[in-house]
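Trainee: no letters, just coordinates:
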């Protein structure tokens, strides 16, 4: 699937959602969620290819893989929180959207604490020389 197909699905879904908002507002949110899933699903196939290529590259580099696992988890949390937040914002729940964004940031910080600890330890070693 190419980018033109993904964009076409997004535009058609957005138009359907706008029409539903006028005549059947209770179905507009469902239409928006279905459109989002239809747009993001083909992207996941590309992400799996990219992810497997990065895993192979990391394995050949000899760098500690646990650091990259932390970064991939934070990236996943970022994507999920963003999609949830945008869905709430589309439904008119900006307060809930803000809370989802905050929860995503806190989760990312919690996951990245071991990495931050390693960076601070590395800086301490550099400064001691």
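Mentor: Arrived safely. Just so it is clear, the structure is predicted and the values come from calculations on it, not from any experiment.
Trainee: tell me how far residue 96 lies from residue 84.
Mentor: For residue 96, the distance to residue 84 equals 9 Å [C-beta to C-beta, to the nearest Å]. C-beta coordinates here come from the backbone N, C-alpha and C atoms, glycine included.
Trainee: what of residue 10?
Mentor: As judged by C-beta to C-beta, residue 10 and residue 84 stand 18 Å apart.
Trainee: SS state for residue 63?
Mentor: Under DSSP: H, G, I helix; E, B strand; the rest coil, the three-state class of residue 63 is coil.
Trainee: isn't residue 65 up against residue 56?
Mentor: No. The pair residue 65 / residue 56 is not scored as a contact, 11.5 Å apart, by C-beta atoms under 8 Å.
Trainee: need the helices for the protein, in chain order.
Mentor: Counting by DSSP state H, residue ranges of the helices within the chain are 3-23, 25-61, 65-90, 94-128.
Trainee: check which residues of the longest one are buried.
Mentor: Neighbour counts over helix 25-61 (16 or more other C-beta atoms under 10 Å) mark 28, 29, 31, 32, 33, 35, 36, 39, 58 as buried.
Trainee: now for the nearest residue to residue 82 once chain neighbours are set aside: which residues touch it?
Mentor: Leaving aside its chain neighbours, residue 82 sits nearest to residue 104 (7.3 Å; criterion: C-beta to C-beta, 6 or more residues apart in numbering). With contact set as C-beta atoms under 8 Å, 6 or more residues apart in numbering, residue 104 has these partners: 77, 78, 80, 81, 82, 84, 85.
Trainee: what's the answer for residue 27, then?
Mentor: With C-beta under 8 Å, 6+ apart, residue 27 has these contacts: residue 20.
Trainee: that older thread, okay, the helices of the chain in CSV with mean pLDDT next?
Mentor: Converted to CSV, the helices of the chain look like this (pLDDT from 0 to 100):
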stretch, mean pLDDT
helix 3-23, 91
helix 25-61, 85
helix 65-90, 88
helix 94-128, 91
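Trainee: could you report the neighbour count for residue 100?
Mentor: Number of residues near residue 100 (other C-beta atoms under 10 Å) recorded here: 21.
Trainee: many thanks, I have nothing further to ask.
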